[in-house]
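Student: sequence first, then the predicted structure:
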Amino acid sequence: MFCKFASFVTYMNLVIDQGNTFVKLAVFENSRLVDLDSVSYCEAEEMLKKIFKKNEIKQVIWSSVGEAMPFFDTFLDNKVVLRLTSETLVPFFNNYGSPRSLGVDRIALAAAAAVNYPKKNVLVIDAGTCITFEFKNANDEYLGGAIAPGIQMRFKALHDYTAKLPLVSLASVEDFIGNNTETSILSGVVNNVVQEIDGVINQYLARFEDLTVILTGGDTLFLAERVKNTIFANPNFLLEGLNAILEHNTHG
Ligand SMILES: Nc1ncnc2c1ncn2[C@@H]1O[C@H](COP(=O)(O)OP(=O)(O)O)[C@@H](O)[C@H]1O
Ligand SMILES: CC(C)(COP(=O)(O)O)[C@@H](O)C(=O)NCCC(=O)O
């Protein structure tokens, strides 16, 4: 009698999501997220050093909504590196009217929707610097969605574009009728974002009865308990999409 062991190849993937506010650095072992750091741009170099020291990274996917970080190349010698662009092979049909100008972060969200919910209508809401809405239909076609200002951007805009409004920090809204300047701003930002998200979900539901809604991004946890519609909260959805694109291009 002899035993036969399945032989598994372990791929350590580094997934880098350079957003407009934070850099997210995630390590995946095959398709399982095993380590995650969200850092500011000035902390990113140090964090990359630590990650490469601690993990046997075989391949990297890098997605950036802006320019490359200047120190980036020094880390990636001898690694398989996929830089996500509009030309990258993705696991969905891209029907966006201007595919070359589509944000790479939005491409990753559509990929996550296609891989995790094939042949389903999926709306992904990414509450980060901006709040973006991405719609992928049951034919696995990405159609587009919407781009709106994010929560911090709204607080900052009210402060920057007026003479008197203070910069308010994120907090819970006690009552949607704000009774002083601070609570009026809080209501106008937080309550309005929640109403906006529920309103947009309802618009999609009116057109697509069978709809799965995912909420992701830096404000996921704050918003998930305030939105009325049924949603799946997954702060790592974009990172999962990037890892799926990497796997699709290297093992698919
Ligand atoms: N400690 C924090 N500092 C700043 N913003 C934060 C913090 N925690 C959560 N946020 C929220 O997360 C958003 C950024 O989320 P994230 O998904 O990382 O954005 P991006 O991908 O655009 O960089 C900010 O706009 C803010 O609303
Ligand atoms: C809309 C965005 C600024 C969102 O960026 P984020 O909030 O995720 O940092 C980014 O996806 C972008 O620059 N998009 C390009 C325009 C487009 O997608 O059509």
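Tutor: Looks like it came in fine. Ligands and ions are numbered 1, 2, ... in the order given.
Student: quick one: the strands in this protein, in order.
Tutor: Ranges of strands in the chain, per DSSP state E, are 12-18, 23-29, 32-39, 59-64, 80-83, 93-94, 121-127, 130-136, 141-149, 211-216, 232-233.
Student: as CSV, these with distance to ligand 1, mean pLDDT and mean neighbour count would be great.
Tutor: All C-beta spots, glycine's among them, are computed from the backbone N, C-alpha and C. Listed next are the strands of the chain as CSV, based on distance: least, Cβ to the nearest ligand atom, whole Å; pLDDT from 0 to 100; neighbours: other Cβ atoms under 10 Å:
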stretch, distance to ligand 1, mean pLDDT, mean neighbour count
strand 12-18, 6, 96, 24
strand 23-29, 6, 97, 21
strand 32-39, 6, 97, 14
strand 59-64, 10, 95, 22
strand 80-83, 17, 91, 17
strand 93-94, 20, 98, 14
strand 121-127, 7, 99, 25
strand 130-136, 7, 98, 23
strand 141-149, 10, 98, 17
strand 211-216, 8, 98, 22
strand 232-233, 13, 98, 16
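Student: which one of those lies nearest to ligand 2?
Tutor: strand 130-136 (3.5 Å; Cβ to the nearest ligand atom).
Student: within its sheet, name the partner strands of the closest one and how each one runs.
Tutor: Applying DSSP bridges, strand 130-136 is found paired with strand 121-127 (antiparallel), strand 141-149 (antiparallel).
Student: can I get the ones you listed in JSON lines including distance to residue 233?
Tutor: Shown next, in JSON lines, are the strands paired with strand 130-136 (distance: least, Cβ to Cβ, whole Å):
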{"stretch": "strand 121-127", "distance to residue 233": "10"}
{"stretch": "strand 141-149", "distance to residue 233": "18"}
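Student: can you put the ones you listed in a markdown table and add distance to ligand 2?
Tutor: Below are those laid out as a markdown table (distance: least, Cβ to the nearest ligand atom, whole Å):
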| stretch | distance to ligand 2 |
| --- | --- |
| strand 121-127 | 6 |
| strand 141-149 | 4 |
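Student: confidence score at residue 227?
Tutor: Among the per-residue scores, residue 227 holds a pLDDT of 98.
Student: the residue nearest to residue 59 when sequence neighbours are not counted: what's it in contact with?
Tutor: Nearest non-adjacent residue to residue 59, counting by Cβ to Cβ, 6 or more residues apart in numbering: residue 80, 3.9 Å away. Shown in contact with residue 80 (Cβ atoms under 8 Å, 6 or more residues apart in numbering): 58, 59, 60, 250.
Student: hmm, who's touching the lengthiest helix in the chain?
Tutor: When the chain is parsed with DSSP state H, its longest helix is helix 192-207. Residues from elsewhere that reach helix 192-207 (Cβ under 8 Å, 6+ apart): 121, 123, 125, 127, 131, 133, 135, 146, 148, 151, 154, 211, 213, 215, 223, 226-229, 231.
Student: give me the angle between it and strand 141-149.
Tutor: Put simply, helix 192-207 runs at 160 degrees to strand 141-149, going by axes from the mean of the first three to the mean of the last three Cα atoms, to 10 degrees.
Student: quick check: angle from helix 192-207 to strand 211-216?
Tutor: On the basis of the same axes, to 10 degrees, helix 192-207 is oriented at 160 degrees to strand 211-216.
Student: now check helix 192-207, is it near ligand 2?
Tutor: No: Helix 192-207 is not in contact with ligand 2 by Cβ under 6 Å from any ligand atom; minimum separation 13.6 Å.
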